[in-house]
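Participant: give me the fold of what follows.
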Amino acid sequence: MRKKEMMIMKAANGNEKGEKGQSSFELVVIIGVVVLLVLVVAGVLLGQLRKADADRDVRLLESLGEVIRAEVALAESVRGEYYHEFTLPQLVEGKDYLIESSGDGSVVLKMDSGAAHIVFLPSGVGGSFQKGLNVIRKEGEDINVN
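Facilitator: Numbering: from 1, shown residues only. Next up, the predicted model:
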């Protein structure tokens, strides 16, 4: 009888070891799946944050472009001669930007993030805009900046 009990115990112990090994493997698989899901969710959220930041940069540049457009529109609407000084900020909400005036009557505003905005000016506007103090003059029908 003793021999039979020992065989039963050995069989039981062997089976327990197999179950423990299987449980450990299942735990590792579950942890791996959870980590993978967390990484996927984090990646999606990071992408959304980057898109939101880029959209915000575009809105900031559009707002700055509207200041430029409004100054030119005001000069254009005045009869006779016009002189006005206005300031464009060095930074827009703590972010640096670049102003490029092109020969076709447009002003390109850019940020390091890749955000850009183009301001189309009416014909007859010459000169270039810059950060800091800008002077806009109207003499006859011609409008000059700086």
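
Participant: which helix or strand contains the most centrally placed residue in the chain?
Facilitator: Nearest to the mean C-alpha position of the chain, by C-alpha atoms, centre = their mean, lies A54 at 2.2 Å. Assigning secondary structure by DSSP states H and E places A54 in helix 2-77.

Participant: ok, K138 next?
Facilitator: Using DSSP H and E, K138 falls within strand 132-139.

Participant: give the buried residues for that strand.
Facilitator: 134, 136-138 (16 or more other C-beta atoms under 10 Å). Where C-beta positions appear, they are placed from N, C-alpha and C, glycine not excepted.

Participant: can I get the residues you listed in CSV including pLDDT and distance to L45?
Facilitator: Shown next, in CSV, are the buried residues of strand 132-139 (pLDDT from 0 to 100; distance: C-beta to C-beta, whole Å):
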residue, pLDDT, distance to L45
N134, 95, 40
I136, 95, 44
R137, 95, 50
K138, 93, 50
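
Participant: which one of the residues you listed is nearest A70?
Facilitator: If you rank those by distance to A70 using C-beta to C-beta, I136 comes first, at 10.8 Å.

Participant: quick check: that closest one touching F129?
Facilitator: No - the criterion here is C-beta atoms under 8 Å, and I136 misses it with F129 at 9.1 Å.

Participant: shared neighbours, those two?
Facilitator: By C-beta atoms under 8 Å, 6 or more residues apart in numbering, I136 and F129 have these common neighbours: V145.

Participant: returning to what we had before: so what's the gap between the strand holding K138 and the chain middle?
Facilitator: The chain centroid and the centroid of strand 132-139 are separated by 32 Å, computed with C-alpha atoms, centre = their mean, to the nearest Å.

Participant: name the helices or strands packed onto the lowest-mean-pLDDT helix or strand in the chain?
Facilitator: Among the helices and strands of the chain, helix 2-77 carries the lowest confidence by mean pLDDT, DSSP states H and E, at a mean of 84. Other elements packing on helix 2-77 under the criterion 3 or more C-beta pairs under 8 Å, 6 or more residues apart in numbering; DSSP states H and E are strand 82-88, strand 91-92, strand 95-101, strand 106-111, strand 116-120, strand 132-139, strand 142-145.

Participant: give me the number of residues near D57?
Facilitator: 23 (other C-beta atoms under 10 Å).
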